[in-house]
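K.L.:
output the structure for:
(one chain, ligands or ions: 1)
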Amino acid sequence: MDNQNILIVISFLFSGFSFAQEDSTSQKKEILIQEVRIIGVKFNEIKTPDLQQQTDKVLSEISGVTLIKRGNYAQEPTIRGLNSGQLSSTLDGMHIFGACTDRMDPISSYVEPNNLNSIQLNLGPTEEQSTNQVGGGLNFKLLKAIPNAEKLFSGRIGAGFETNALAIQSLGSLQYSRKKWALSVNGIFRKANNYYAGNREQILFSQYEKYNVGGSFTALLDSFNIIHVDYLQDNGKDIGYPALTMDVSFANAKIISIGHEYKKDSNRIYKMESKVYLNFIDHAMDDTKRPPETVPMHMDMPGTSRTVGFYSGGKLRVSHKQFIQFKITGFQNDLHAEMTMYPPIGKEMFMLTIPDARRSVIGLSVSDKLYFGSNINLSIGGRFEFVKSEITTLLGRQTLTSFYNGNPTKTNLLYNIFIQFEEKLGKKTMLYFGIAKALRNPTLQEMYGFYLYNRVDGHDYLGNPMLKTESSWNGNLGMKYKTSKWNLNGQIYSYFFKDYIAGRVLADYSVMTIGGKGVKEYVNLPSAILYGSEFTLEWKPIHKLLIQSMNSVSYAKDNDGDALPFIPPFKSINAISYDLKETNIKLESIIGAQQKHV
Ligand SMILES: [Cu+2]
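P.N.:
Modelled structure (predicted):
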């Protein structure tokens, strides 16, 4: 380890007038969790009681998730090294796409633990999938207002301080709960200065400031029908990205949804859930705060992303040993990104970097869960999806003609299938394995992007409307062991890709970005392989003491034996925590090996 860093986090959370916890007598109520719950498919449930943490910190504690850091803000989650277009990120089932061309704004940067009830992780196709992806995804479940709570008013306030970056945060939430309806609001403010790396070196341009507010309204129409209206707004400003050549002047998200829920245990279709939603993301990069000698030419680079969508799905009980789950999802996403360059001499230059691209998706997922005896269960399912990608403006089509002359509108039919098997071997041990085939469409950036600079390899990327879908065969095998004191889980996995999407150098193109090494175009590589392993351990030697260890390693190469990008090497997170009445003390260490296969 080159860098060692000790960070002291002090946070206070007062929830003197706390929420009602659980009411098992009424089927109308749900369990409200003050902690953020992390639910991973095939993983154990972890609870993080500290709502002051950044969402990134919560994500970093999930086995299988690794974050790409470009600064102290908006880290990009990857799942087993699979990233960006290979994953789906949803908020309460809603599709949202970042507006940044440099991946500065993953969806996780627009939500706070204060907004959330739980985080779901899917490792590949599962019954929870809402779009076709090869690498699974994350779903952030929002906290909802609960009618008929124990107290009319309830809430909490908190404040925190971190020694590194002199970061402050303050948060609050309030719920007003009547018999038939409830309203809750929550908010958080964060501000941080530059942080210090391990050797007390100040990392310039790592500051940030943000506020986030959420509102939730719930109404019980009758004993079986519930209406939800949710609103979330996240405004970040003056955010530094020390790993990139530009910062962000603002990154704003507005997310609104109206949903309906139906639950009746005695019915064959015992659960139905539907939602319509709209979200808008507005992002602007900023190079004006950097020293002039590092900015050869000033540029304005704003971008927007707008998504409208819906979903509707339910659960059906065929018998007490067979359950069918189904869901229709549809959405339309519009991306626009532009760049204006101001050369020291001469006229300014304007261009579209994402030339008004639109994606429309409609798909159906169906899965069937079967129980054989009390020890074996089997899940089998699939998804079919129709995707249309197009350019919506004349200026956009003109931009595209500089590197592609065919018809930019492309349609695709995608599918995936999975089968997952679980068997209990005795009372304490469970064996599981599964196999899945998944397809994904190239992203709008991969299809239509125009000179999108990637700092990691120093190349400008050109989109390729002729890209084929990427496909993967994925297998996993694991074992769980659980007693009152021990909880162990080990798993191995592999992904065999066909038509893996990656950049290939275009030799006779000149760079747009000053200082760039060259231009790359997205192509389909014939094949690639990714494999790895995860191991988690929890040990509770005495009631209040918990020792945890999370370990993961992965390896990936393409058909030429070259490394795939962003694959995490060995990582180990070890923690010891102790409960002292109302106080929890936790010591944690994170160790990462060096990635030598690049
Ligand atoms: Cu950006």
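
K.L.:
when you work out contacts or count neighbours from here on, use the C-alpha atoms and nothing else.
P.N.:
Will do.

K.L.:
any weak-confidence spans in the protein?
P.N.:
Within the chain, the stretches with pLDDT under 70 are 1-50.

K.L.:
next up, the contacts around the closest residue to the ion within it.
P.N.:
Nearest to the ion in the chain, going by Cα to the ion, is residue 100, at a distance of 4.1 Å. When contacts are counted by Cα atoms under 8 Å, 6 or more residues apart in numbering, residue 100 touches 283, 284, 302, 303, 304, 337.

K.L.:
repeat the analysis, applying 10 Å as the threshold.
P.N.:
Contact analysis of residue 100 by Cα atoms under 10 Å, 6 or more residues apart in numbering lists 106, 248, 251, 281-285, 301-305, 335-337, 354.

K.L.:
also near the ion: which of those residues, exactly?
P.N.:
With Cα under 5 Å from the ion as the criterion, the contacts of residue 100 include none near the ion.

K.L.:
out of those residues, which are inside strands?
P.N.:
248, 251, 281-285, 301-305, 335-337, 354 (DSSP state E).

K.L.:
most neighbours among those, please name it.
P.N.:
Most neighbours among the ones in strands among the contacts of residue 100, by other Cα atoms under 10 Å: residue 354, with 31 neighbours.

K.L.:
the ion contacts on this structure?
P.N.:
Residues of the chain lying near the ion (Cα under 5 Å from the ion): 100, 104.

K.L.:
how about residue 155: what's its closest non-neighbour residue?
P.N.:
Nearest non-adjacent residue to residue 155, counting by Cα to Cα, 6 or more residues apart in numbering: residue 174, 4.2 Å away.

K.L.:
which strand or helix spans the one you found?
P.N.:
Assignment of secondary structure by DSSP states H and E places residue 174 within strand 167-177.

K.L.:
next secondary structure element downstream of that strand?
P.N.:
strand 181-192.

K.L.:
what angle separates that next one from strand 167-177?
P.N.:
Angle between the axes of strand 181-192 and strand 167-177 is 180 degrees (criterion: axes from the mean of the first three to the mean of the last three Cα atoms, to 10 degrees).

K.L.:
mind listing what's buried in strand 181-192?
P.N.:
For strand 181-192, the buried set under the neighbour-count rule, 16 or more other Cα atoms under 10 Å, comprises 181, 182, 183, 184, 185, 186, 187, 188, 189, 190, 191, 192.

K.L.:
partner strands of it and their direction?
P.N.:
Sheet pairing of strand 181-192 (DSSP bridges) gives strand 167-177 (antiparallel), strand 208-220 (antiparallel).

K.L.:
nearest to residue 296, out of the ones you listed?
P.N.:
Nearest of the strands paired with strand 181-192 to residue 296, taken as Cα to Cα: strand 208-220 at 24.3 Å.

K.L.:
just the CA trace of that closest one, in PDB.
P.N.:
Provided in PDB are the C-alpha atoms of strand 208-220 (Å, rounded to 0.1, in the frame of the first residue of the first chain):
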ATOM      1  CA  TYR A 208     -18.100  20.100  -4.100                       C
ATOM      2  CA  GLU A 209     -21.400  21.500  -2.800                       C
ATOM      3  CA  LYS A 210     -24.900  20.100  -3.200                       C
ATOM      4  CA  TYR A 211     -28.400  20.000  -1.800                       C
ATOM      5  CA  ASN A 212     -31.000  17.400  -2.300                       C
ATOM      6  CA  VAL A 213     -34.700  17.400  -1.400                       C
ATOM      7  CA  GLY A 214     -37.200  14.700  -1.700                       C
ATOM      8  CA  GLY A 215     -41.000  14.600  -1.200                       C
ATOM      9  CA  SER A 216     -43.300  11.600  -1.000                       C
ATOM     10  CA  PHE A 217     -47.100  11.500  -0.800                       C
ATOM     11  CA  THR A 218     -49.000   8.300  -0.200                       C
ATOM     12  CA  ALA A 219     -52.800   7.800  -0.200                       C
ATOM     13  CA  LEU A 220     -54.700   4.700   0.600                       C
END
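
K.L.:
and that strand, how far out from the chain middle?
P.N.:
Distance of strand 208-220 from its chain centroid, counting by Cα atoms, centre = their mean, to the nearest Å, is 18 Å.

K.L.:
same question, stretch 488-502
P.N.:
Chain-centre distance of stretch 488-502: 18 Å, with Cα atoms, centre = their mean.

K.L.:
would you mark the buried spots in that stretch?
P.N.:
Using 16+ other Cα under 10 Å as the test for burial, stretch 488-502 gives 488-501.
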